[in-house]
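got a structure for you, letters missing:
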């Protein structure tokens, strides 16, 4: 009987344990069916996918921008190179036109290529167009022989203040004057610079030497833009456009001489304005056409003449043709200082200096 009771109690405990285990298993199964943890896992995965997509999109956008920038940069370099060679070819063609113009004449005496006094040549090419400016060196003051008062007035006309114009004028005179007994005031200034140097105390050989004289600024030398009375930006010439080592000490080409040079040599303002307006319509072809200007200008008018000499600066600006025959906005300019063959020269021309980079106003 005792054994039976013990077994009964044992069976009761075992049954209780089994019931509790089954109940626990059911609760665990019910909890497993709750979707909250499963939703939390899915939301985290979605966020990770979204962040990865955003990162990949940013990388793809950055890569596309870089590729586009490099393509545009390569295109600009390519177009610049093509425009450079187009401008170079325009210089060569202009030299041929200047040579042919001496021998080929129309029945009326004009030349289909080039005539003395022609300021511009518009040259079409299959790949673009070019404009060549033919600037005689006789249109500029001779930097080695120009009187100081003319240089001073010229600098004032180019926008320099009175003190700066006076300082630059004295510095140019010191630069081109023979070697003194000892260092000048300007030499002491140049020796204090880094790197230091001395003035040439001899004739200026290259016009760029003027960039080293005391008081000179790139804006005065190269020119800049300024606003007119209507607020529009208009180009202002620089000293390099007005003086030359090959310029004339006396006569000036009427078709190309800058208004600042005309004012520096003493022409009245009203005569300068009338002369500039007249040559904008058409260049002067013979002395009779500008006789009235020389008479109205007084003694300074005797310095005006038609184009002459054999030294010219040819400045070509080229633009490429795009789709639909539209000209590109990109311009490339080159220039050459040439001497046309005269006298004992056997070659038709000689290039004395070539400029790969030219700033055109």
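Received it, and whenever you're ready, just let me know what you need. Treat the numbers as computed from the prediction; the structure is a model and nothing was measured.

Please count neighbours and contacts with C-alpha atoms only from this point.
Fine.

can you give me the strands for the stretch 151-300 of the chain?
224-227, 233-236, 243-244, 252-253 (DSSP state E, counting those that start in this stretch).

want to try TSV for these, with mean neighbour count and mean pLDDT as columns?
Formatted as TSV, these follow (neighbours: other CA atoms under 10 Å; pLDDT from 0 to 100):
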stretch	mean neighbour count	mean pLDDT
strand 224-227	13	82
strand 233-236	14	81
strand 243-244	22	93
strand 252-253	25	89
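
As a markdown table, these with distance to residue 320 would be great.
As requested, these are exported to a markdown table (distance: least, CA to CA, whole Å):
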| stretch | distance to residue 320 |
| --- | --- |
| strand 224-227 | 25 |
| strand 233-236 | 24 |
| strand 243-244 | 32 |
| strand 252-253 | 32 |
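
Identify whichever of the ones you listed lies nearest to residue 115.
Relative to residue 115, the nearest member of the strands of the stretch 151-300 of the chain by CA to CA is strand 252-253, separated by 14.4 Å.

quick revisit: of all the strands of the stretch 151-300 of the chain, which one is nearest residue 284?
If we rank these by CA to CA, the stretch that ends up nearest is strand 252-253, at 10.1 Å.

what lines up beside the closest one in the sheet?
strand 304-305 (parallel) (DSSP bridges).

so for the partner strand, what's the average pLDDT?
For strand 304-305, mean pLDDT rounds to 86.

I'd like the next helix or strand past that strand.
Using DSSP states H and E, the next helix or strand after strand 304-305 towards the C-terminus is strand 311-320.

Centre of the chain to the helix or strand following that next one, how far?
Per DSSP H and E, the first helix or strand lying C-terminal to strand 311-320 is strand 332-340. Centroid separation for strand 332-340 versus its chain: 17 Å, with CA atoms, centre = their mean, to the nearest Å.

and strand 332-340 with strand 311-320, angle?
In terms of direction (axes from the mean of the first three to the mean of the last three CA atoms, to 10 degrees), strand 332-340 departs from strand 311-320 by 150 degrees.

Which secondary structure elements does strand 332-340 sit against?
Packing partners of strand 332-340 (3 or more CA pairs under 8 Å, 6 or more residues apart in numbering; DSSP states H and E): helix 36-100, strand 311-320, strand 349-355.

Out of the strands of the stretch 151-300 of the chain, the one nearest residue 50 is which?
Comparing the strands of the stretch 151-300 of the chain by CA to CA, strand 233-236 comes nearest, at 52.8 Å.

Direction included, what does that closest one pair up with?
strand 224-227 (antiparallel).

Can you give me the neighbour number for residue 323?
7 (other CA atoms under 10 Å).

Out of the helices and strands packed on strand 332-340, flag the one nearest residue 180.
Using CA to CA, the helices and strands packed on strand 332-340 put strand 349-355 closest to residue 180, at 31.2 Å.

which residues are contacting that closest one?
By CA atoms under 8 Å, 6 or more residues apart in numbering, the residues outside strand 349-355 that reach it are 95, 334-341.

coming back round to it: deepest-packed of the helices and strands packed on strand 332-340, please.
Burial of these is given as mean neighbour count (mean count of other CA atoms under 10 Å); strand 311-320 ranks first at a mean of 24.

could the contacts of strand 349-355 go into a markdown table alongside pLDDT?
Output for the contacts of strand 349-355, formatted as a markdown table (pLDDT from 0 to 100):
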| residue | pLDDT |
| --- | --- |
| 95 | 92 |
| 334 | 94 |
| 335 | 93 |
| 336 | 93 |
| 337 | 92 |
| 338 | 92 |
| 339 | 90 |
| 340 | 86 |
| 341 | 75 |
